[in-house]
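**Q** 3D, please:
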Amino acid sequence: MTMAAKPHIHAWFDAPSNTVTYLVADPETKRAAVIDPVFDYDHKSGKADVTSVETVLTKAAEEGYTIDWVLETHVHADHLSGAPYIKLKTGAKVAIGENIREVQQIFRPIFNAMDVSGSGAEFDRLVKEGDTIAIGNLACEVMATPGHTPACVSFKFGDAVFVGDTMFMPDYGTARADFPGGDARTLYRSIRRLLSLPRETRLFMCHDYLPKEGRTSFAWETTVGEELDRNIHVNGTVSEEDFVAMRTARDKTLSAPVLLLPSIQINMRAGKLPPADSNGIHYIKVPVSLPQGVPA
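**A** Model prediction:
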């Protein structure tokens, strides 16, 4: 493998979930990986669609790419993964951070999802800090960046790093850390690792949201230098204690993502639906917490 050639990077922004899907390819061998693919899902109707993943597959075909891998930065809580469909169509393998085991063990009892392994066996490869995945002649280096969730990893292709939900564009800040298994202090340390890379390193976000004031168009690429200089939550002057205090207070004000319940149930299964009921229909569970004294 060589890092001589920079990867070709294609990006698609999914407005309903504010998610960016990436197609990353080696220009020499035309081997490619898809990072954080979106499977279209309308929560109000329960209808799913493959328009977004088909767009990626069409682009890959046009460019002559062969997709070898689907790389998940974490178990997403705001969109369903398109990994199974890409795997079906291309034979690609699906990789995620090894701490998916912890995520599965946290959420399996919450949803009584006894079919979930708890070992990460639903995925083709569990990766850890320092691992390398070959994408043609490119080396994709794995950086463990937990905090938002225990299983969060970033994928580094030379000077391009795909950071998942670890952080956002400088004017929007950082990801929440209050999901089960999340930790603000761990998140701060993961971000500092990313920001210790050279200032010119390109950072590619998994999401973008427009700040209340400022720009009016979505963006998902920035640099280490820009984050150090301008990130509103964790620039170069913010201490760990100040960040933890800010993040903890802010997280208490945030509502749950709209697709939290379906996303967790599906994505911890590597993007597959829960087993069908006896009528052949797949259902997503909604745990209900009743006030004390209210009959079920």
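
**Q** how about the contacts made by F39?
**A** A48, D49, V50, S52, V53, H79, L80, S81, G82, Y85, G271 (CB atoms under 8 Å, 6 or more residues apart in numbering). In short, each C-beta sits where N, CA and C put it, glycine included.

**Q** beta partners for it?
**A** For F39, the beta-bridge partners are L80 (DSSP bridges).

**Q** can we start the residue count at 50 from this point?
**A** With 50 as the first residue, the last one maps to F88.

**Q** what's the distance between it and G231?
**A** Distance, F88 to G231, by CB to CB, to the nearest Å: 23 Å.

**Q** cool, and T302?
**A** T302 is 16 Å from G231, by CB to CB.

**Q** and what of V105?
**A** 29 Å.

**Q** quick one, which of these two is more surrounded?
**A** When V105 and G231 are compared for neighbours, V105 comes out ahead with 24 against 19, by other CB atoms under 10 Å.

**Q** using the three-state scheme, assign the more buried one.
**A** Secondary structure for V105, judged by DSSP: H, G, I helix; E, B strand; the rest coil, is helix.

**Q** hang on, it packs against K138?
**A** No: V105 lies out of contact with K138 (CB atoms under 8 Å); the separation is 10.0 Å.

**Q** what's the burial count for the closest residue in space to D300 that isn't next to it in sequence?
**A** Closest residue to D300 apart from its sequence neighbours, by CB to CB, 6 or more residues apart in numbering: D227 at 3.8 Å. Using other CB under 10 Å, D227 is surrounded by 15 other residues.

**Q** and the helices in the stretch 200-345 of the chain, which stretches?
**A** Secondary structure of the stretch 200-345 of the chain (DSSP state H, counting those that start in this stretch): helices at 233-243, 273-279, 289-300, 309-316.

**Q** out of those, which is closest to F204?
**A** Each of the helices of the stretch 200-345 of the chain was scored for nearness to F204 using CB to CB, and the closest is helix 233-243 (11.8 Å).

**Q** who's in contact with that closest one?
**A** Residues contacting helix 233-243 (CB under 8 Å, 6+ apart): 192-197, 201, 203, 210, 212, 215-216, 223-224, 226, 252, 273, 276, 283, 289, 292-293, 296-297, 300.

**Q** against A81, how distant is the spatially closest residue to P133 that is not a sequence neighbour?
**A** In space, P133 comes closest to G320 once its chain neighbours are excluded; the distance is 4.4 Å by CB to CB, 6+ apart. Distance, G320 to A81, by CB to CB: 18 Å.

**Q** and R157, how far is that from N316?
**A** Computed as CB to CB, the R157 to N316 distance reads 13 Å.

**Q** these two: which is more packed in?
**A** N316 (27 against 16).

**Q** now that one: closest residue in space that isn't a chain neighbour?
**A** Using CB to CB, 6+ apart, the closest residue to N316 is V124 (4.6 Å).
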